[in-house]
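Chemist: Have a look; sequence and predicted model below, questions after that.
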Amino acid sequence: MKLAELERKLIAVARATPRNDRVPYAFEKRIMAHITARPAFDRWALWGKSLWQAAAPCVALMLLLSIWTILSPDRGSTMDLSQDLENTMLAAVDLNGESW
């Protein structure tokens, strides 16, 4: 059957059906039950769930790096990690004694 012919037959049947102003029994209650049963989309809950899932790998990485730092062989060296970080961060500024 062709699509246009099917559409024409369905429209003819719909027009032949008499109008009815009756509402089925408890129609509004069924509709409201469907509306309330479906949870609303909560972006904050999705964001929070993602952050909580990311927390475990971050804690595991922190623990691994802490253990690695404690068990490193050159722990007794006199070099300070904060001094190394400061020298690295300020290396671009302190090029040949000149600043930007």
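Modeler: Everything's here; your move. Predicted model only: the values in this text are computed from it and were never measured.
Chemist: can you map out the helices along this structure?
Modeler: 3-16, 27-37, 43-70, 81-89 (DSSP state H).
Chemist: weakest of those by average pLDDT?
Modeler: Here the lowest mean pLDDT among the helices of the chain goes to helix 81-89, at a mean of 81.
Chemist: chain center to it: distance?
Modeler: Averaging C-alpha positions (C-alpha atoms, centre = their mean, to the nearest Å) puts helix 81-89 35 Å from its chain's average.
Chemist: got the angle between that helix and helix 43-70?
Modeler: With axes from the mean of the first three to the mean of the last three C-alpha atoms, to 10 degrees defining the directions, helix 81-89 sits at 110 degrees from helix 43-70.
Chemist: With just CA atoms, put helix 81-89 into CSV.
Modeler: The C-alpha trace of helix 81-89 is given here as CSV (Å, rounded to 0.1, in the frame of the first residue of the first chain):
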residue,chain,number,x,y,z
LEU,A,81,61.9,20.3,46.2
SER,A,82,60.4,23.7,46.8
GLN,A,83,63.6,25.3,45.7
ASP,A,84,63.6,23.2,42.5
LEU,A,85,60.1,24.2,41.8
GLU,A,86,60.8,27.9,42.3
ASN,A,87,63.8,27.7,40.0
THR,A,88,61.8,26.0,37.3
MET,A,89,58.9,28.4,37.5
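Chemist: who's in contact with Gly48?
Modeler: Not one residue lies near Gly48 by C-beta atoms under 8 Å, 6 or more residues apart in numbering. From N, CA and C alone the C-beta is placed, and that goes for glycine too.
Chemist: What distance do you get for it to Leu65?
Modeler: To Leu65, Gly48 is 26 Å away according to C-beta to C-beta, to the nearest Å.
Chemist: what does Arg19 give?
Modeler: 74 Å.
Chemist: ok, these two, which is more surrounded?
Modeler: Leu65 (10 against 4; other C-beta atoms under 10 Å).
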